[in-house]
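Peer 1: Dropping the sequence and predicted coords here.
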Amino acid sequence: MHKIIQNLINIQKEIRSNLDNSKLVKVPKIIAVSKTFTIDKINPLIEYGHLDFGENKVQEALDKWTNIKLVNRNINLHLIGSLQTNKVKFAVKLFDYIHSVDSEKLAKKIFDEQEKQNKKIKIFIQVNIGNENQKSGVSKLSLPSLYSYCKSLNLNVIGLMCIPPLDKSANIYFKEMNKLNKDLGLSELSMGMSSDYLDATLNSATYLRIGSNIFGKRS
Ligand SMILES: *Cc1c(COP(=O)(O)O)cnc(C)c1O
């Protein structure tokens, strides 16, 4: 079997055996983060039947995925990187999920494009959970008002997303995210990468975004 498929299967097994079986938890979905990898590296996973893929740049995703999506209509493409408002029209056209909504300006632009294209995207609000200057995401303080704004536009917000600080244990941030998500009554939670997906799983993540542990190191 192809190495990349084997990697995915191993991660799925590991996650299942680490789920807390005493609780009724959803088995999280794995978004295979294919950024920087060419289509020939991604194809084996598509042929295997994997459905969720993530990219962080709109232009790269357009180049790689436009044709594949035409022939594989059940693939879910996730935009996990930050989105500039001038790229929103392309993002709404190509992607099924956007994980990086973090401002009213961006939310409004997505709303406008959805109206034009008659399409509805599933949306995560990105939270800057470690309050880091250099990171995108809405602050915890501004989250309730951004959420209300999105609801007023009738955007399909399904959950929260975060990238925790690198230097510390992710667990405390994941716990906090889980609580914020529950307080808003949201059902999906996008968190956990190659280094911390088991911690994320134990804190009720429903979408794990895993790149290098599936595809190998990025150059
Ligand atoms: C690249 C990326 C990932 C995947 O990272 P790995 O460490 O390779 O698993 C997850 N989330 C976001 C937002 C990313 O940009």
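Peer 2: Now that the structure is in, tell me what you want to look at.

Peer 1: Whichever strand or helix holds residue 98 pairs with which strands, and in what direction?
Peer 2: Assigned by DSSP states H and E, residue 98 belongs to strand 97-101. Neighbouring strands of strand 97-101 in its sheet, by DSSP bridges, are strand 76-79 (parallel), strand 122-126 (parallel).

Peer 1: Contacts for the next helix or strand after the longest one, please.
Peer 2: Remark: after strand 122-126, the chain's next helix or strand is helix 143-152, criterion DSSP H and E. Contacts made with helix 143-152 from outside it, assessed by Cβ atoms under 8 Å, 6 or more residues apart in numbering, are listed as 101-104, 107, 123, 125, 127, 138, 157, 160, 180, 184. All C-beta atoms are positioned from the backbone trio N, CA, C, and that covers glycine.

Peer 1: for stretch 166-174, same thing?
Peer 2: Under Cβ under 8 Å, 6+ apart, the answer for stretch 166-174 is 129-130, 162, 164-165, 191-192, 195-196, 199-200, 202-203, 205.

Peer 1: overlap between these and the residues near the ligand?
Peer 2: Contacts with the ligand within the contacts of stretch 166-174, counted by Cβ under 6 Å from any ligand atom: residue 195.

Peer 1: ok, back up a step: any chance of the contacts of helix 143-152 in CSV with pLDDT as columns?
Peer 2: Shown next, in CSV, are the contacts of helix 143-152 (pLDDT from 0 to 100):
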residue, pLDDT
101, 98
102, 98
103, 98
104, 98
107, 98
123, 98
125, 98
127, 98
138, 98
157, 98
160, 98
180, 98
184, 98
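
Peer 1: Tell me the first helix or strand C-terminal of the strand holding residue 98.
Peer 2: Next along from strand 97-101, by DSSP H and E: helix 104-117.

Peer 1: and that next one with strand 122-126, angle?
Peer 2: Angle of helix 104-117 versus strand 122-126, following axes from the mean of the first three to the mean of the last three Cα atoms, to 10 degrees, is 170 degrees.
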